[in-house]
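Enquirer: output the structure for:
(one chain, ligands or ions: 1)
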Amino acid sequence: MQTQLPTELPETANFVRQVELNRTIEGVYPIAKFARLGEVLLSDEGFVTVKLEFTRSVGIASLRGKVSAQLLVECQRCLKPVETEVSGSFKFALVHSEDEFDLLPEEFEPYLLEDEEQSIIDLVEDELLLSLPMVTIHQEACSEFMSNQNEAVKTAIKAEKEAENPFAALKALKEELSNKAN
Ligand SMILES: [Zn+2]
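Expert: You can find the predicted model right below:
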């Protein structure tokens, strides 16, 4: 199905060139473009809001960015879909070698430029994956949670009873044997 995109943003860019142009890339990317992220989502519908500012900051080629999205994941309590607001921000210094890492002011994270063009998709995706909460559950008590839990408790009790039975049987046998001995 063809969806209407508000604006078509580039998927890759030469980050150094963007700094020279003092460019800001701002808009949305369809969630469907992020394959790795898609693996942890229940739906790839919707958009990721992105703002990337390429600029020179205290003499350092830098990329400051913000990403956010409303993502549909599985509630880890009731296993039903739950929406979660994910956002992240970052401040990268664009460096050409690892030797430059140590020279950076503390406020920057290093971003190693390995090719001429960099993937904006990968960068945004990494940030979203890093920003995903470890555990997502419904804010209010999950409607299905209690019944699921009751079911789990029943199963556990049943398993325990079954596990008890061999001992009960053994005990009965022992009693029977001692009665016979008397
Ligand atoms: Zn839930």
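
Enquirer: residues contacting the residue sitting nearest the centre point of the chain?
Expert: By CA atoms, centre = their mean, the chain has its centre lying nearest to residue 132, at 3.4 Å. If a contact means CB atoms under 8 Å, 6 or more residues apart in numbering, then residue 132 has 40, 71, 73, 84, 86 as its contacts. Where C-beta positions appear, they are placed from N, C-alpha and C, glycine not excepted.

Enquirer: and which of these is nearest the ion?
Expert: If you rank those by distance to the ion using CB to the ion, residue 73 comes first, at 10.5 Å.

Enquirer: not counting its neighbours along the chain, what's nearest that closest one?
Expert: residue 136 (5.1 Å; CB to CB, 6 or more residues apart in numbering).

Enquirer: and what of residue 88?
Expert: residue 131 (3.6 Å).

Enquirer: any idea how many residues pack against the one you found?
Expert: 18 (other CB atoms under 10 Å).

Enquirer: mind listing what it touches?
Expert: Contacts of residue 131 (CB under 8 Å, 6+ apart): 67, 86, 87, 88.

Enquirer: tell me the residues of this protein that contact the ion?
Expert: 75, 77, 78, 138, 142 (CB under 5 Å from the ion).

Enquirer: tally of neighbours for residue 177?
Expert: Neighbours of residue 177 using other CB under 10 Å come to 10.

Enquirer: did I read that right, it in a helix?
Expert: Yes: in this structure, residue 177 lies within a helix as judged by DSSP: H, G, I helix; E, B strand; the rest coil.

Enquirer: still on that earlier bit, export the residues of the chain next to the ion as TSV, with columns for secondary structure.
Expert: Below are the residues of the chain next to the ion laid out as TSV (three-state DSSP):
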residue	secondary structure
75	coil
77	coil
78	coil
138	coil
142	coil
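
Enquirer: please spell out the PyMOL selection for the buried subset of the contacts of residue 131.
Expert: The buried subset of the contacts of residue 131, as determined by 16 or more other CB atoms under 10 Å, is captured in PyMOL by this line:
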select buried, resi 67+86+88
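
Enquirer: farthest-separated two in the contacts of residue 131?
Expert: 67 and 86 (8.2 Å; CB to CB).

Enquirer: anything in contact with each of these two?
Expert: Joint contacts of residue 67 and residue 86 (CB under 8 Å, 6+ apart) are 128, 131.

Enquirer: just the buried residues out of the contacts of residue 132, in ChimeraX syntax.
Expert: In ChimeraX, this line selects whichever of the contacts of residue 132 come out buried by 16+ other CB under 10 Å:
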select :71,73,84,86
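
Enquirer: alpha carbons of the strand or helix carrying residue 37, as CSV, please.
Expert: Per DSSP states H and E: residue 37 is located in helix 35-38. Provided in CSV are the C-alpha atoms of helix 35-38 (Å, rounded to 0.1, in the frame of the first residue of the first chain):
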residue,chain,number,x,y,z
ALA,A,35,14.1,-3.1,10.0
ARG,A,36,16.0,-3.8,13.2
LEU,A,37,13.6,-1.7,15.3
GLY,A,38,10.7,-3.5,13.5
